[in-house]
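# sequence? don't have it. structure:
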């Protein structure tokens, strides 16, 4: 007679379970007589000792006796069922073949399914929620030897969630969502995620789950945008939805919608990050005053989070408004925040170079040309502190060296290369810095 592999596996599972049951000690307790307190105590003690020592085979002989004769001994709960379950799982973990492992897991699952009704029938207490999760975890972790293990596990995880949605650990929630994803069950997934969002989004791990999985169930950014816009219509003040929608608008270059939504968020629930994002947009749109004011509010809200880029942008805003001295103040603040932020050194050099254009009427005087010495000092500092700006710094140095005072002018002035020279006169009095005399070559 020929048997299929599945029938042989099932037969092996049955034989292993029967062998373990047959190993239970034969005593007068198997009759209709009620076992004595002493017998219960002895079997319990033996089972406990073997279980604690991971001697699962020996423990099971005594645990099976307890299940038959005193299932809720000694505290009126399901501890004997739990230890029987864990003993089978311990044997499964160390099984020498997949066939034996499956047999032990099947036995553990059978005990887990019996636990609640049998304990309650005996007048004891058992938590169905815990036992459902226990069964699901056993299936999930042994899915390689159990038919449809993961799918069956996820159904149990969802059943546990429906019983106590506020208590389920995020580990189980992630498996539920992955199950929906693998089945391409979009509507069920979105409904589940919406429920999590409404009830548990204040938990960091749950919010991470939402941020990761929501986008996975949409075929395109536009579909995701439509979904979020619908959510915002239902809950106009939902700051998290607005922030997600704003990010999508920006990614899809939907500038008009992004701008309107930014204004709405600023009116309702602004965050430092939002102030930063909107300020950057305003700066790009040629609105330096609004950009500067938003960055100021961001720093007032959370000064510790201010970055070198933030201070740099404030400097750019002041420069666009025509205030070179104030712009330099913020560029310096950027350097104080991060000494390797090369763009800020470059910006100060550019300020001094642009000052020459503002202060001269056309032909450059010796004093005008000397300002370029100081500008190139900052370009040198920029490339020394930040290699990413080295190429731009070298270009500017080469460009402005052509405007240095000539060797003849330096000679007739009685200056020596390397000599200190202060830029603190006339139109350049606001600069108030010193540089050194430099040869043009």
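Done, it's in. All figures in this text were calculated on a predicted structure; none of them were measured in a lab.

# So what touches whichever strand or helix holds residue 43?
Secondary-structure element containing residue 43, defined by DSSP states H and E: helix 37-52. Helix 37-52 is contacted by residues 27, 29, 56, 58-59, 62-63, 65-66, 69-70, 73-74, 80, 83, 86-87 when judged by Cβ atoms under 8 Å, 6 or more residues apart in numbering. To be clear about C-beta, it is placed using only N, CA and C from the backbone, and glycine gets the same treatment.

# cool, stretch 73-90 as well?
Counting by Cβ under 8 Å, 6+ apart, stretch 73-90 makes contact with 40-41, 44, 47-48, 51, 54, 56, 59-60, 63-64, 66-67, 70-72, 104-105, 107-108, 111-112, 114-116, 118-119, 123-127, 131, 134, 138, all of which sit outside it.

# Stretch 431-441 too?
When contacts are taken as Cβ under 8 Å, 6+ apart, the neighbours of stretch 431-441 outside the stretch itself are 352, 355, 370-371, 373-374, 376-377, 401-402, 404-407, 410, 415-424.

# So which of these sit within helices?
352, 355, 370, 371, 373, 374, 376, 377, 401, 407, 410 (DSSP state H).

# Find the pair from the residues you listed with maximum spatial separation.
For those, the maximum inter-member distance is 24.4 Å, found between 355 and 407 (Cβ to Cβ).

# So for residue 271, what's the pLDDT?
At residue 271 the predicted local distance difference test score is 80.

# Next, count neighbours for it.
If you count neighbours by other Cβ atoms under 10 Å, residue 271 ends up with 16.

# wait, what's in contact with it?
Taking Cβ under 8 Å, 6+ apart, we find residue 271 in contact with 239, 243, 301.

# From the residues you listed, list the buried ones, please.
Of all the contacts of residue 271 considered here, the ones buried according to neighbour count by 16 or more other Cβ atoms under 10 Å are residue 243.

# for the contacts of residue 271, which one is nearest residue 178?
The nearest member of the contacts of residue 271 to residue 178, counting by Cβ to Cβ, is residue 243 at 25.2 Å.

# My read is that the closest one contacts residue 274, right?
Yes - in terms of Cβ atoms under 8 Å, residue 243 counts as a neighbour of residue 274; the distance is 7.2 Å.

# Can you pull the residues that touch both of those two?
Taking Cβ under 8 Å, 6+ apart as the contact criterion, the common neighbours of residue 243 and residue 274 are residue 265.

# circling back to that earlier point, check the contacts of helix 37-52 for burial and list the buried ones.
Neighbour counting by 16+ other Cβ under 10 Å classes 29, 56, 58-59, 62-63, 65-66, 69-70, 73, 80, 83, 86-87 among these as buried.

# Next up, the contacts around residue 292.
Under the criterion of Cβ under 8 Å, 6+ apart, the contact list for residue 292 reads 279, 314, 317, 318, 321.

# Recalculate using a threshold of 6 Å.
Listed by Cβ atoms under 6 Å, 6 or more residues apart in numbering, the contact set of residue 292 reads 314, 317.

# again with residue 250
When the contact criterion is Cβ under 6 Å, 6+ apart, the partners of residue 250 are residue 258.

# what distance separates the host helix or strand of it from the centre of its chain?
In this structure, residue 250 sits in helix 239-251 according to DSSP H and E. The gap between the average C-alpha position of helix 239-251 and the chain average comes to 17 Å, counting by Cα atoms, centre = their mean, to the nearest Å.

# pLDDT of it, averaged?
Along helix 239-251, the predicted confidence averages to a pLDDT of 81.

# do stretch 295-314 as well
Per-residue confidence for stretch 295-314 averages out to 93 on the pLDDT scale.

# So that it lines up with my notes, have the first residue be 22 from now on.
New numbering, starting at 22: the last item is stretch 316-335.

# what does it contact?
293, 296-297, 300, 313, 351, 354-355, 358-359, 362, 364-365.

# Which among the ones in helices among the contacts of stretch 452-462 count as buried?
Members of these that pass the buried threshold by neighbour count (16+ other Cβ under 10 Å) are listed as 373, 376, 391, 392, 394, 395, 397, 398, 431.

# got these as CSV, with distance to residue 236 and pLDDT columns?
As requested, these are arranged in CSV below (distance: Cβ to Cβ, whole Å; pLDDT from 0 to 100):
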residue, distance to residue 236, pLDDT
373, 47, 96
376, 49, 94
391, 57, 95
392, 53, 96
394, 54, 97
395, 51, 97
397, 49, 97
398, 49, 97
431, 64, 92
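
# Residues touching whichever strand or helix holds residue 214, excluding its own?
Element membership for residue 214 (DSSP H and E) is helix 207-221. Counting by Cβ under 6 Å, 6+ apart, helix 207-221 makes contact with 201, 227, 231, 235, 238, all of which sit outside it.

# Do a quick rundown of the helices in the stretch 222-371 of the chain.
According to DSSP state H, counting those that start in this stretch, the stretch 222-371 of the chain carries its helices in the segments 225-234, 242-255, 260-272, 276-289, 293-305, 309-322, 329-341, 345-358, 363-380.
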